[in-house]
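Novice: Next one to model:
(chains A and B)
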Amino acid sequence: MSELNGKSVLITGGSRGLGKALALQLAAKGAKVAIVARQKAELEEVVAEIKWNGGTAFGIVADVGDKESIYPIAGQAAALAGPVDVLINNASTLGPVPLRLLTDTDCEDFERALQVNTIGAFRLMKAVAGSMMIRQSGLVINISSDAAVEAYPTWGVYGASKAALDHLTRTAAAELGGAGIRVFSVDPGEMATRMHAEAMPDADPSSLQSPETVAEKIVLMIESANRVENGSRLIAANWTETAKEVA
Amino acid sequence: MKAARTPRENKQSVKLLVAESGQLQNSAMAQLPEHLRAGDLLVVNDAATLPASLRGRDEHNRPVEIRLASQLNERTWQAVIFGEGDWRTPTEHRPVPPRLKAGEEIIFAQDFNAVVVKESPLSNRLLDLEFNHSGEALWSGIYRYGKPVQYSYMTEELNLWSVQNVYGGRPWAVEMPSAGHALNWSLLLKLREAGIQIATLTHGAGLSATGDEQIDRALPLPERFEVPPTTMATVLRTKAAGNRVIAIGTSVVRALESVLLGLNGFTTLKIGPEHRLQFVDGLLTGTHDVSESHYQLLRAFLPEEELREISLHLEEHNYLTHEFGDACLILTAPDKLNPKVRAFPR
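Specialist: Below is the predicted model of the structure:
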């Protein structure tokens, strides 16, 4: 039986793409999954699919970029699925598409990207990490991007928000490691998702990984999190059973 | 004592009065580790605070506020009803609410309402309410339409984030388990480094005052609690080693002293001067006035004269009181293991 069985998992941006694939696969491993998304109808479909498969899932309609939503998200997740064992900060926004040069970017659009991708993830971590620390056990996964490391033209706002998230991840691991909390960021690589299509409409989807394949790798990472150095930035494409053994 | 009228930004500046072996000592929260010994065990209540105050209208369109007290089953909560007006009026001066009979409805929003199941024999303001939702939809309604219970002495309305302790998990508390408000992680990690153990339990801390004499006299109402077996084992180990078990807040005392009834459930235990403490040797608590129900519980720790001395000292040294007030650490000598505790299954 997976060590995820019975665990309470909170995942943001869980109604589409990688978030949805993770929610489905974690629930299939027996986790109780609380899923956050802004669109109620899409969210309900994912919850229904998990229940149909015999899993346990709860939908929470909220925007992680809204400060007022954070404690309601944490509270509802803990009330329904139990104290959160695993937090996956997956929700993110590209900002306006088509993507544009930094010098053509409105400051407000940069602020909004930070509110969702960086500060929203930070707020949620702050709201649930204390309960993990008191129990001396917990895992936080922040979904990052290749754009956090490489400087791709027009990806500046998104990349900067994810680079900040990577650094928060490292610092949180340094601060909380002694309290039994593990914090990672994961670069999922390029996936055939709606978000990717919005950012790069000309990309050939068949050349991209499916979110389901990437989710499988992240689930493996979660199951072997105790063997990975705390604060690591993990690259999903390099993650195999072999990598797990050497990590 | 004066009330603290805003949440404390600098938690470490919260004043701490330490009462040990008949001696009183002025200190500060930041110095807490110095008053404890390696091997001592702090037990916290990790209940998060839910937004328990809901405003609605009855079937005759009269405004009411209800404050959730505790969840009885999937759809049903025990709740106290208040009349019109808001938190700026002290609860005892709020107008009397309409008397609602079984079957009458309270409407909070278009698709969020509750029906009165029955009123309590204790007071016709204490109601069992059945909501039109359960599970996700019920919790979503509570978080969407509810606000934290407010206090008339505060200068501004409290946000949900202001009434959380830093280690909150499941939202079982309808008011903040306030003894924990002055703890932050920098202090908690310092305590752990000093060899002081920290364990957790969950206790659905209830309403502190309702302005209804019958209800207030009966406080605390039955409250839901859960003590993890690992916490109980740590408590027993700590006591067997002659170290002290220190409750962070009166709700932790109530939960721990209830475990002879079982590790979880609803507790009706009332702790007063007659109660012989089985598990708890010390208490970190707010500064309570003699009139509060919490003060009754302090009588289990110290004789009346010492409590009176503490009250005078707090007053004289300008300690602040209520939810965001200053703190008091009461330490008693650890009893030899009580025979009843010895019998507790390990």
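
Novice: contacts and neighbour counts: CA atoms only from here.
Specialist: Fine.

Novice: Quick check: closest non-adjacent residue to residue 145.
Specialist: Going with chain A. Nearest residue to A:Ser145 in three dimensions, chain neighbours excluded: A:Asp187, at 4.7 Å (CA to CA, 6 or more residues apart in numbering or on different chains).

Novice: look at chain B instead
Specialist: Leaving aside its chain neighbours, B:Tyr145 sits nearest to B:Leu54 (6.3 Å; criterion: CA to CA, 6+ apart).

Novice: Surely the one you found touches B:Ala79?
Specialist: No: with contact defined as CA atoms under 8 Å, B:Leu54 does not count as touching B:Ala79 (10.2 Å).

Novice: who's in contact with the helix or strand harbouring A:Ser185?
Specialist: If you go by DSSP states H and E, A:Ser185 is part of strand A:181-187. With CA atoms under 8 Å, 6 or more residues apart in numbering or on different chains as the test, strand A:181-187 has contacts from A:129, A:132-133, A:136-146, A:165-166, A:169-170, A:172-173, A:176, A:225-226, A:230-236.

Novice: how about the closest residue to chain A within the stretch 1-150 of chain B, what does it touch?
Specialist: Per CA to the nearest CA, B:Tyr143 is where the stretch 1-150 of chain B lies closest to chain A, at 5.6 Å. Neighbour list for B:Tyr143: A:Pro72, A:Gln76, B:Leu50, B:Pro51 [criterion: CA under 8 Å, 6+ apart].

Novice: ok, 7 Å please
Specialist: By CA atoms under 7 Å, 6 or more residues apart in numbering or on different chains, the contact set of B:Tyr143 is A:Pro72, B:Pro51.

Novice: My reading is that it lies in a strand. Confirm?
Specialist: No: with DSSP: H, G, I helix; E, B strand; the rest coil as the criterion, B:Tyr143 is assigned helix and is not in a strand.

Novice: Can you report phi and psi for A:Met191?
Specialist: phi -130, psi 150 (degrees, to the nearest 10).

Novice: What's the local residue count around it?
Specialist: Counted with other CA atoms under 10 Å in any protein chain shown, the neighbours of A:Met191 add up to 21.

Novice: Tell me where the model's unsure across chain A.
Specialist: Applying pLDDT under 70 to chain A picks out residues A:240-247.

Novice: So which bits of it are right by chain B?
Specialist: With CA under 7 Å from any CA of the partner chain as the criterion, chain A meets chain B at residues A:58-59, A:71-72, A:75-76, A:78-79, A:82-83, A:130-131, A:134.

Novice: Please identify which of these is nearest to B:Gly85.
Specialist: Nearest to B:Gly85 among those, counting by CA to CA, is A:Pro72 at 25.4 Å.

Novice: Whichever strand or helix holds A:Ile50 - contacts with which helices or strands?
Specialist: Of the helices and strands defined by DSSP H and E, A:Ile50 is found in helix A:40-52. With contacts taken as 3 or more CA pairs under 7 Å, 6 or more residues apart in numbering or on different chains; DSSP states H and E, helix A:40-52 sits against helix A:17-28, strand A:56-61.

Novice: quick one: which of these is nearest A:Ser92?
Specialist: Per CA to CA, nearest to A:Ser92 of those: helix A:17-28, 10.4 Å.

Novice: What residues does residue 42 make contact with?
Specialist: By default, I'm working from chain A. For A:Glu42, the contact set (CA under 7 Å, 6+ apart) comprises A:Ser15.

Novice: ah, no, chain B please
Specialist: Residues in contact with B:Leu42 (CA under 7 Å, 6+ apart) are B:Gln197, B:Ile198, B:Ala199, B:Val245, B:Ile246, B:Ala247, B:Ile248.

Novice: Just to be sure, the second one is in a strand?
Specialist: Yes: with the criterion set as three-state DSSP, the secondary structure at B:Ile198 is a strand.

Novice: related to what we said a few turns ago, pull up the gap between the residue of the stretch 1-150 of chain B closest to chain A and B:Leu269, please.
Specialist: Noted for B:Tyr143: a distance of 30 Å to B:Leu269, by CA to CA, to the nearest Å.

Novice: quick one, phi psi at A:Leu10?
Specialist: Dihedral angles (degrees, to the nearest 10) for A:Leu10: phi -110, psi 120.

Novice: and it, how many neighbours does it have?
Specialist: By other CA under 10 Å, the residues close to A:Leu10 number 32.

Novice: mind listing the helices for chain A?
Specialist: Here chain A has its helices, by DSSP state H, at A:17-28, A:40-52, A:70-81, A:107-113, A:121-135, A:156-176, A:194-199, A:211-223, A:241-246.

Novice: ok, now chain B?
Specialist: Ranges of helices in chain B, per DSSP H, are B:135-145, B:185-193, B:213-218, B:229-240, B:250-257, B:293-298, B:304-316, B:339-342.

Novice: Does B:Gln197 touch B:Asp40 like I think?
Specialist: Yes: in terms of CA atoms under 7 Å, B:Gln197 counts as a neighbour of B:Asp40; the distance is 6.1 Å.

Novice: Between the two, which has more neighbouring residues?
Specialist: Remark: of B:Gln197 and B:Asp40, B:Asp40 carries more neighbours, 23 against 20, as counted by other CA under 10 Å.

Novice: dump the residue contacts of the closest residue to A:Pro205 other than its chain neighbours.
Specialist: In this structure, A:Pro205 finds its nearest non-sequential neighbour in A:Ala192, 5.4 Å apart by CA to CA, 6+ apart. Residues near A:Ala192 by CA under 7 Å, 6+ apart: A:Pro205, A:Leu208, A:Gln209, A:Ser210, A:Pro211.

Novice: mind listing what B:Ser21 touches?
Specialist: The contact partners of B:Ser21, by CA under 7 Å, 6+ apart, come to B:Thr332.

Novice: For it, what are phi and psi?
Specialist: Dihedral angles of B:Ser21 (phi, psi; degrees, to the nearest 10) stand at phi 50, psi 50.

Novice: Give me the distance between it and B:Asp289.
Specialist: To B:Asp289, B:Ser21 is 22 Å away according to CA to CA.

Novice: do B:Ala300 as well
Specialist: Noted for B:Ala300: a distance of 16 Å to B:Asp289, by CA to CA.

Novice: Repeat that for B:Gly146.
Specialist: B:Gly146 is 29 Å from B:Asp289, by CA to CA.

Novice: More neighbours: those two, which one.
Specialist: Comparing B:Gly146 with B:Asp289 by neighbour count (other CA under 10 Å), the higher total belongs to B:Gly146, at 21 against 15.

Novice: residue contacts, the more buried one?
Specialist: Residues in contact with B:Gly146, defined by CA under 7 Å, 6+ apart, are B:Pro51, B:Ala52, B:Ser53, B:Leu54.

Novice: can you check B:Met176 too?
Specialist: By CA under 7 Å, 6+ apart, the neighbours of B:Met176 are B:Thr49, B:Val163, B:Gln164.

Novice: Confirm for me that the first one is in contact with B:Tyr167.
Specialist: No: with the criterion set as CA under 7 Å, B:Thr49 and B:Tyr167 do not qualify as a contacting pair; they are 11.1 Å apart.

Novice: Looking at these two, which is more packed in?
Specialist: B:Thr49 (28 against 25).

Novice: Any idea what that one is bridged to?
Specialist: Counting by DSSP bridges, B:Thr49 is bridged to B:Ala173.

Novice: pLDDT score for it?
Specialist: On pLDDT, B:Thr49 comes in at 98.
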